[in-house]
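Peer 1: pasting a predicted model and its sequence here:
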Amino acid sequence: MSLARLAKIHLDSEELASLTKDLEAVLAYASSLAVIAKQAGPELQRDEQRGVAHNVMRDDVVVAYDAQTLLAQAPVREEDYFIVPRILQRT
């Protein structure tokens with residue numbers, strides 16, 4: 001049974017071809033992630049007994065910095081703030 005039929009979506013042959021191509025790309029990507037996960041070191045592999053992933057933790061390190069030195073490198077700034085381009089639009 002086709003995915004479109006299961007989802008009760010009517011697709012013409014052109015849409016079906018496009019969707020098939022997109023789904024093949026998604027499945028190929030998922031397959032490549034599975035290969036990478038198998039090759040990963042023990043920090044990314046699952047604990048077989050508990051079936052959960054482990055986070056790799058490190059200690060936090062406090063680093064002193066001079067805010068003015070950092071702000072001087074900003075392409076655009078206003079007082080003590082970086083100015084960045086808007087990426088979200090208001091609706």
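Peer 2: Perfect, I can see it now.

Peer 1: what secondary structure does the most centrally placed residue in the chain sit in?
Peer 2: Nearest to the geometric centre of the chain sits residue 33, at 12.2 Å (CA atoms, centre = their mean). When classified by DSSP: H, G, I helix; E, B strand; the rest coil, residue 33 comes out as helix.

Peer 1: quick one, what contacts it?
Peer 2: Contact analysis of residue 33 by CB atoms under 8 Å, 6 or more residues apart in numbering lists nothing. C-beta here means a position set from N, CA and C on the backbone, and glycine is covered the same way.

Peer 1: tally of neighbours for the closest residue to residue 71 other than its chain neighbours?
Peer 2: Spatial nearest neighbour of residue 71, excluding adjacent residues (CB to CB, 6 or more residues apart in numbering): residue 77 at 5.5 Å. Residues contacting residue 77 under the criterion other CB atoms under 10 Å number 13.

Peer 1: wait, isn't residue 77 in contact with residue 70?
Peer 2: No: in this structure residue 77 lies outside contact range of residue 70 using CB atoms under 8 Å: 9.9 Å.

Peer 1: mutual contacts of the two, please.
Peer 2: In terms of CB under 8 Å, 6+ apart, residue 77 and residue 70 are not both contacted by any residue.

Peer 1: ok, which stretches of this structure are helices?
Peer 2: For the chain, the helices defined by DSSP state H cover 3-6, 13-39, 67-72.

Peer 1: and the first one, what does it pack onto?
Peer 2: Pointing back at helix 3-6 there. helix 13-39 (3 or more CB pairs under 8 Å, 6 or more residues apart in numbering; DSSP states H and E).
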